[in-house]
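Q: quick one, structure for this:
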Amino acid sequence: MANFAYKYSDPSANASGSTPFGIYDSDSTFQSDSITVCKWTARRLGYPMMQVEIYSSSIWACFEEAVSEYSSHINNYNMKNWLWEAYGTQNRISGSIGTGSLEPQYPHLGTSVVLSKQYGQAANVGGDVTLKSGSITLVKDEQDYNLQTLWANVSESSKRIEVQRVYNRGPASITRFYDPFMGSFEQRQMLDNFGFSNSSPAIIFMMRPISYDILRAQMIETSDRIRRSAYSFEIINNRLKLFPRPTSDDAGNKVWFEYYVRDDLMETTRDFTENKVSDPSNIPYKFITYSSINAPGRQWIRKYTLALSKELLGIIRSKYSTLPIPGGEVTIDGESLKAEGREEKTSLLEELREFLDSVSLNEKVKAEAEEAEASQQVLSRAPLEIYIG
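A: Prediction:
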């Protein structure tokens with residue numbers, strides 16, 4: 001067993017190159033603190049009055065573990081608060097063990113954006129999938145058309161299509177308005193300038209309110225639905241049925257429709273989190289840079305280093321519970337040291353977890369709600385001014 005003081009005959013000796021993982025060895029602050037933390041830990045363990053049966057490299061290993069433990073809890077805190085904000089964003093983790101810290105993601109809409117795109121896609125007003133268009137040629141007296149056979153097998157390599165909209169409508173009712181008073185040449189010229197001459201009644205447009213045109217259009221459309229065979233369709237399993245039955249005048253005309261390719265819909269949904277943040281295991285948080293840790297954090301690390309060192313020294317001393325000496329034997333405090341170190345570790349971890357939970361976003365919202373409620377109670381008891389007009 002080595003005397004602890006022997007390691008520090010050279011004042012430049014530090015943890016660089018002596019820690020198991022070397023995560024923080026290049027950090028100059030970690031190097032300088034490793035010397036002071038090691039000396040402080042040894043003196044808290046009884047040196048120089050008592051011999052400490054561990055090497056300085058073992059204390060440096062405890063120091064590295066304490067920093068990593070603190071980093072892990074801070075990263076867990078960040079994940080608890082920001083995971084859903086980072087969900088689906090680019091995963092920038094590369095290599096094995098990284099150094100340096102990653103700032104928390106800026107708040108954004110997160111999965112709300114993804115949901116809004118999917119809703120927009122379903123409503124045909126947005127999304128990430130291309131909405132395509134196709135057409136079929138009408139045949140006299142033929143009402144049924146298989147869009148999968150007539151269009152998808154030819155234009156989409158037989159892939160399944162999802163039809164979103166069919167353009168099978170009658171002429172606009174406004175084009176069927178009759179106005180016996182077309183007006184003077186100057187009035188018609190003015191309508192031409194506004195683009196109304198081919199789709200709106202002339203004098204009536206200028207002499208009557210727009211509500212008249214709306215009621216008139218509704219009358220024409222209702223008449224078509226009740227008295228005539230109105231334009232409509234039904235589609236089941238990509239089989240389109242048109243109403244009314246096409247006549248010889250309709251033959252050769254086209255009915256257009258819009259659709260998605262089902263494979264495009266499925267692939268877009270599946271690869272949303274591919275190589276992106278999908279769970280706590282791949283959110284890009286690295287070990288915290290030691291020099292960026294503030295004073296309270298470093299104090300916690302020092303205490304945790306001492307607790308780890310106590311546990312380690314207790315394990316070493318527990319190998320021999322007693323040592324023979326002339327005329328008797330000496331009992332070594334290995335078990336008590338080990339128990340004390342584990343108890344301190346548990347206490348420190350609970351303290352850190354409780355503190356991080358107390359400053360989480362959930363607690364922030366609760367505190368703001370309590371503050372708002374208290375402010376309302378105070379204001380409710382304040383006298384109100386009497387207004388005299």
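Q: how distant is the strand or helix carrying Ala369 from the center of its chain?
A: Element membership for Ala369, per DSSP states H and E: helix 361-380. Chain-centre distance of helix 361-380: 28 Å, with CA atoms, centre = their mean, to the nearest Å.
Q: for stretch 349-365, same thing?
A: With CA atoms, centre = their mean as the basis, the mean position of stretch 349-365 lies at 21 Å from the chain mean.
Q: okay, buried residues for that stretch please.
A: Leu352, Leu356 (16 or more other CB atoms under 10 Å). Backbone N, C-alpha and C define where each C-beta goes, glycine included.
Q: C-alpha coordinates for it, PDB please?
A: Below are the C-alpha coordinates for stretch 349-365, written out as PDB (Å, rounded to 0.1, in the frame of the first residue of the first chain):
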ATOM      1  CA  LEU A 349     -28.300  12.000  -5.500                       C
ATOM      2  CA  GLU A 350     -31.700  12.600  -3.900                       C
ATOM      3  CA  GLU A 351     -30.700  16.200  -3.100                       C
ATOM      4  CA  LEU A 352     -29.800  16.800  -6.800                       C
ATOM      5  CA  ARG A 353     -32.900  15.100  -8.200                       C
ATOM      6  CA  GLU A 354     -35.200  17.100  -5.800                       C
ATOM      7  CA  PHE A 355     -33.500  20.300  -6.800                       C
ATOM      8  CA  LEU A 356     -33.800  19.600 -10.600                       C
ATOM      9  CA  ASP A 357     -37.400  18.600 -10.200                       C
ATOM     10  CA  SER A 358     -38.100  21.800  -8.400                       C
ATOM     11  CA  VAL A 359     -36.900  23.900 -11.300                       C
ATOM     12  CA  SER A 360     -38.500  21.900 -14.100                       C
ATOM     13  CA  LEU A 361     -40.800  23.500 -16.600                       C
ATOM     14  CA  ASN A 362     -43.800  21.800 -14.900                       C
ATOM     15  CA  GLU A 363     -42.900  23.300 -11.600                       C
ATOM     16  CA  LYS A 364     -42.400  26.700 -13.300                       C
ATOM     17  CA  VAL A 365     -45.900  26.500 -14.700                       C
END
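Q: for Gln143, what are its contacts?
A: By CB atoms under 8 Å, 6 or more residues apart in numbering, the contact set of Gln143 is Lys241, Leu242, Phe243, Arg245, Pro246.
Q: looks to me like Gly134 is in a strand.
A: Yes: assessed by DSSP: H, G, I helix; E, B strand; the rest coil, Gly134 belongs to a strand.
Q: what mean pLDDT does stretch 155-162 have?
A: The pLDDT scores in stretch 155-162 average 94.
Q: which outside residues touch that stretch?
A: By CB under 8 Å, 6+ apart, stretch 155-162 touches Gly134, Leu147, Gln148, Trp151, Ala152, Asn238, Tyr259, Tyr260, Val261, Arg262, Asp263, Leu265.
Q: just give the number of residues close to the fourth one.
A: It refers to Trp151. 20 (other CB atoms under 10 Å).
Q: you'd agree it is up against Thr137?
A: No: contact status for Trp151 versus Thr137: not in contact, 10.7 Å apart, counting by CB atoms under 8 Å.
Q: quick one, strands of the stretch 1-150 of the chain?
A: In the stretch 1-150 of the chain, the strands defined using DSSP state E, counting those that start in this stretch lie at 132-137, 144-146.
Q: closest one to Pro284 among those strands?
A: Among the strands of the stretch 1-150 of the chain, the nearest to Pro284 by CB to CB is strand 132-137 (36.5 Å).
Q: and stretch 162-171, which residues are buried?
A: Buried residues in stretch 162-171 (16+ other CB under 10 Å): Val163, Gln164, Val166.
Q: before we move on, the earlier item: which one of the strands of the stretch 1-150 of the chain lies closest to Lys364?
A: The nearest among the strands of the stretch 1-150 of the chain, by CB to CB, is strand 132-137 at 47.0 Å.
Q: give me the contact list for that closest one.
A: 145, 147, 150-151, 155, 240, 252-261.
Q: out of those, the closest to Gly297 would be?
A: Tyr260 (51.9 Å).
Q: where do the helices sit along this protein?
A: Under the criterion DSSP state H, helices of the chain are mapped to 28-44, 56-86, 111-122, 147, 153-155, 185-194, 203-207, 210-227, 262-270, 295-317, 334-358, 361-380.
Q: give me the mean pLDDT for the fourth one.
A: Over the span of helix 147, the pLDDT mean works out to 96.
Q: quick revisit: just the buried residues from the contacts of strand 132-137, in PyMOL please.
A: A single PyMOL command suffices to select whichever of these are buried according to 16+ other CB under 10 Å:
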select buried, resi 145+147+150+151+240+255+257+259+260+261
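Q: quick check: which ranges of this protein have low pLDDT?
A: 1-12, 84-115, 175, 177-208, 268-275, 278, 322-325, 327-331, 389 (pLDDT under 70).
Q: swap in 90 and give it another go.
A: Along the chain, segments meeting pLDDT under 90 span 1-18, 46-55, 75-130, 168-232, 243-245, 247-251, 263-288, 316-336, 359-368, 375-389.
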